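Engineer: quick check, what structure comes out for this input:
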Amino acid sequence: MKKTVFLLGILSLIVLAAAFQFCVKPPNYPKEPVIEFLNMSKNLMRQTPLGTDTILITISFTDGDGDLGFEEASESILIKDGRDNVSRPSLSIPYIEQQGAGNGISGEITFELTSTCCIFVDPVTGFKRACADVPMAMDSVFYKISIKDRAGNISNEIRTPWIGLICK
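Structural biologist: Got it, this is the predicted structure:
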């Protein structure tokens, strides 16, 4: 009898250990969002005065506390022109409902950026000219991108590859 109870106890422990082994473990992401550049739809655009032109940027994200997006439009995708560090109009991430107890989330975001102007800095005078006033046919730009969650945590900053700008 004691052997049977002992064997049943051991068997129960083995079954219990096996069940815990196959439990899904929640992701262990930091509470600050983390982003990574994935791709962009093209690498050449016309500058703004030549007509509206856009490019699609895709990034991946993780967020440990799952608090991305706002119910009201709010700055959540922060974008800077890499040539002069000037902020572009920010974009909003739609509200993402927190899920369960683990709340760690990951995914991809694709957003559209409109074109910008070519910039020329005169090497002699240091005077900056932009848009139709530039004396060159081509320029290039890259963007610095980060995201912000509802708690105000800001992600790492990534940069896009260089994008050619047709000036004239």
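Engineer: what is the burial count for the residue nearest to Arg88 when sequence neighbours are not counted?
Structural biologist: Nearest in space to Arg88, with sequence neighbours left out and distances taken as Cβ to Cβ, 6 or more residues apart in numbering, is Ile79 at 4.2 Å. Heads up, the C-betas are built off the backbone N, CA and C, glycines and all. Other residues within reach of Ile79, judged by other Cβ atoms under 10 Å, total 20.
Engineer: which other helices and strands contact the one helix or strand Ile79 maps to?
Structural biologist: In this structure, Ile79 sits in strand 77-81 according to DSSP states H and E. Applying 3 or more Cβ pairs under 8 Å, 6 or more residues apart in numbering; DSSP states H and E, we find strand 77-81 packed against strand 105-114, strand 143-147.
Engineer: buried ones in the longest one?
Structural biologist: Taking 16 or more other Cβ atoms under 10 Å as the basis for neighbour counts, the residues of strand 105-114 that come out buried are 105, 109, 113.
Engineer: repeat that for stretch 69-82.
Structural biologist: Result for stretch 69-82 [16+ other Cβ under 10 Å]: buried residues 69-70, 76-82.
Engineer: what sits against Ser155?
Structural biologist: Residues in contact with Ser155 (Cβ atoms under 8 Å, 6 or more residues apart in numbering) are 32-35, 61, 146-148.
Engineer: the spatially closest residue to Gly64 that is not a sequence neighbour: neighbour count?
Structural biologist: Nearest non-adjacent residue to Gly64, counting by Cβ to Cβ, 6+ apart: Tyr29, 3.8 Å away. Other residues near Tyr29 number 19, with proximity taken as other Cβ under 10 Å.
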